[in-house]
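Asker: predicted model, plus sequence, below.
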Amino acid sequence: QVQLVESGGGLVQAGGSLRLSCAASGSIFSINAMGWYRQAPGKQRELVAAITRGGIRNYAESVKGRFTISRDNAKNTVYLQMNSLKPEDTAVYYCNAAVKSVGAMLWYDYWGPGTQVTVSS
């Protein structure tokens with residue numbers, strides 16, 4: 001009923017920039033928090049950044065000052081601007097959203113399929 005689709009990943013050299021986008025679609029009544037997570041090979045999935053519907057942001061220490069999360073509530077879309085990328089940022093990046101579907105009583109977490117970000121040294 002609800003789908004999240006990421007875009008914008010790719011290969012970039014260290015010091016470069018990428019902008020990820022994630023659009024939510026389907027039978028959506030409301031979206032609360034949206035966020036980006038990442039998972040590198042052999043590591044656990046970790047929170048990169050999150051943003052509430054009202055615009056309160058939270059970042060992992062490792063990306064503060066380099067990454068910026070934003071959202072467009074009218075488009076049900078969240079963005080992640082990634083600057084000064086480092087090889088250790090290499091991972092699959094996943095979009096997450098807390099969604100209440102039309103007619104539903106509860107909020108559910110939805111995930112996108114992920115997009116690969118590779119930073120070469």
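Answerer: Looks like it arrived, so ask away.

Asker: C-alpha from now on. contacts and neighbour counts both.
Answerer: Will do.

Asker: where along the protein do the strands fall?
Answerer: Under the criterion DSSP state E, the chain carries strands at the ranges 2-7, 10-13, 18-26, 28-39, 46-51, 57-59, 67-72, 77-82, 91-101, 108-111, 115-120.

Asker: now these in JSON lines, with mean pLDDT?
Answerer: What follows is the strands of the chain, written out as JSON lines (pLDDT from 0 to 100):
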{"stretch": "strand 2-7", "mean pLDDT": "96"}
{"stretch": "strand 10-13", "mean pLDDT": "98"}
{"stretch": "strand 18-26", "mean pLDDT": "98"}
{"stretch": "strand 28-39", "mean pLDDT": "97"}
{"stretch": "strand 46-51", "mean pLDDT": "98"}
{"stretch": "strand 57-59", "mean pLDDT": "98"}
{"stretch": "strand 67-72", "mean pLDDT": "98"}
{"stretch": "strand 77-82", "mean pLDDT": "98"}
{"stretch": "strand 91-101", "mean pLDDT": "97"}
{"stretch": "strand 108-111", "mean pLDDT": "97"}
{"stretch": "strand 115-120", "mean pLDDT": "98"}
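
Asker: mean neighbour count for these - can I get that in TSV?
Answerer: Converted to TSV, these look like this (neighbours: other C-alpha atoms under 10 Å):
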stretch	mean neighbour count
strand 2-7	18
strand 10-13	15
strand 18-26	19
strand 28-39	20
strand 46-51	21
strand 57-59	17
strand 67-72	20
strand 77-82	21
strand 91-101	23
strand 108-111	15
strand 115-120	20
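
Asker: and the residue most central in space within the chain, how far from residue 121?
Answerer: Centroid check for the chain by C-alpha atoms, centre = their mean gives residue 36 as the closest residue, at 2.7 Å. Here the distance between residue 36 and residue 121 works out to 23 Å (C-alpha to C-alpha, to the nearest Å).
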